[in-house]
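Engineer: this is the structure alone, sequence omitted:
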């Protein structure tokens, strides 16, 4: 199949390749030298764009976070935390909307009658806990709180913070609604976690007819006996995203737009 896909692509019109090369710190995540999938033809347009960040929270990204241990290696490999900050600052400076899709659990969520394994693990670890939907008592510095290094951008009075998604995708919150209200038809997507919330948001946005550029090193995945979640997500990003950028490439494009 790969050979036939490559042949079919070579017979077609050439598409625009990414102008900036990217070499990951872990060679396992390098792009294939002879890809079967066609190159990206995505053309960034600042006037159509918004940045969506999923779950920039302590429980994923903070060293004391409930799930940090299984993400730590990937976070270090990708440089996720500094890359998220660079990306968010560049989007702010370019004047494009920044939308946060967070993950919160309230006491009533602990009474669900069934859970998939990923949900069950999050509940077991006590991730993203808040005591009440209408109260922020105990929120400051908790696992549900924003990673401190990102707080000044998130709390700048301009960034949109959506209601929480409950499993992985934006179907249960207002992220898509907020995107529509900004007029965005292009989404720059990053955050946590790669094969869970980032991929789920990517798939939903694509199904709603949005163009999506995923920032590959502004996310990370778990590494557990079941497998490398970042590698799984990266493959699906290549299939579903309109573009797969590095943070350097995203920041450069946003800088040109600014």
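Structural biologist: That came through, no problem. Computed from a prediction, not measured in an experiment: that's the story for all the values here.
Engineer: for residue 98, list the residues it contacts.
Structural biologist: By C-beta atoms under 8 Å, 6 or more residues apart in numbering, the contact list for residue 98 reads 50-51, 53, 88, 91-92, 153-154, 158-160. Any C-beta I mention is one placed from the backbone N, CA and C, and that applies to glycine too.
Engineer: again, only using 7 Å
Structural biologist: Contacts for residue 98 (C-beta atoms under 7 Å, 6 or more residues apart in numbering) come out as 51, 88, 91-92, 159-160.
Engineer: next: residue 23.
Structural biologist: Neighbouring residues of residue 23 by C-beta under 7 Å, 6+ apart: residue 30.
Engineer: against residue 232, how distant is it?
Structural biologist: Counting by C-beta to C-beta, to the nearest Å, the gap from residue 23 to residue 232 is 21 Å.
Engineer: longest helix in this protein, by number of residues?
Structural biologist: Looking across the chain with DSSP state H, the single longest helix is helix 80-94.
Engineer: how about low-confidence regions in the stretch 1-150 of the chain?
Structural biologist: The stretch 1-150 of the chain contains residues with pLDDT under 70 at 1-19.
Engineer: where along it do the helices fall?
Structural biologist: Here the stretch 1-150 of the chain has its helices, by DSSP state H, counting those that start in this stretch, at 2-11, 58-61, 68-78, 80-94, 117-125.
Engineer: identify each buried residue in the last one, please.
Structural biologist: Right, the one you point to is helix 117-125. In terms of neighbour count (16 or more other C-beta atoms under 10 Å), helix 117-125 has its buried residues at 119, 121-123, 125.
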